[in-house]
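S.K.: Okay, predicted coordinates and the sequence, questions at the end:
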Amino acid sequence: MPKQKTHRGAYGRLGVTGRGKITRRKGNVHNMRRKKQHRVKGQFDEMMVIHKSLRKRMRRLLPYAG
């Protein structure tokens with residue numbers, strides 16, 4: 001059976017934790033960043049775990065991740 005292809009757009013945007021959870025960056029990071037509070041800007045650096053309803057679709061894009 002041939003190898004599955006990894007979706008390169010998803011590969012660059014998503015990450016996988018050691019336990020196999022898929023993580024993503026928060027949205028609106030670049031939009032008017034200087035007007036945001038320091039606390040809010042710090043939250044943009046954190047990776048968020050994707051919602052469980054998207055888990056199956058994202059796994060299909062990253063077949064060899066974790």
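M.R.: Yes, it's here.

S.K.: Do a quick rundown of the helices in the chain.
M.R.: For the chain, helices defined by DSSP state H occupy the ranges 8-13, 38-43, 55-61.

S.K.: Most tightly packed of the ones you listed?
M.R.: Of the helices of the chain, the one with the most neighbours on average (mean count of other C-beta atoms under 10 Å) is helix 55-61, at a mean of 13. All C-beta spots, glycine's among them, are computed from the backbone N, C-alpha and C.

S.K.: what's next to that helix, contact-wise?
M.R.: Helix 55-61 has contacts (C-beta atoms under 8 Å, 6 or more residues apart in numbering) with T6, H7, A10, Y11, L14, I22, I50, A65.

S.K.: Kindly reformat those as a markdown table containing pLDDT and distance to H30.
M.R.: Written out in a markdown table, the entries for those read as follows (pLDDT from 0 to 100; distance: C-beta to C-beta, whole Å):
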| residue | pLDDT | distance to H30 |
| --- | --- | --- |
| T6 | 94 | 26 |
| H7 | 95 | 23 |
| A10 | 94 | 20 |
| Y11 | 93 | 21 |
| L14 | 94 | 18 |
| I22 | 95 | 22 |
| I50 | 95 | 20 |
| A65 | 85 | 26 |
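
S.K.: List the residues that contact the residue most central in space within the chain.
M.R.: By C-alpha atoms, centre = their mean, the chain has its centre lying nearest to R24, at 1.8 Å. The contact partners of R24, taken as C-beta under 8 Å, 6+ apart, are R13, L14, G15, M47, M48, I50.

S.K.: does the fourth one really touch V16, like I thought?
M.R.: Okay, so that is M47. No. Between M47 and V16 there is no contact under C-beta atoms under 8 Å: 10.3 Å.

S.K.: Between those two, which contacts overlap?
M.R.: T23.

S.K.: residues touching T23, list them.
M.R.: T23 touches L14, G15, V16, T17, M47, M48, V49, I50, counting by C-beta under 8 Å, 6+ apart.

S.K.: ok, of the residues you listed, which come out buried?
M.R.: Buried residues within the contacts of T23, counting neighbours by 16 or more other C-beta atoms under 10 Å: L14.
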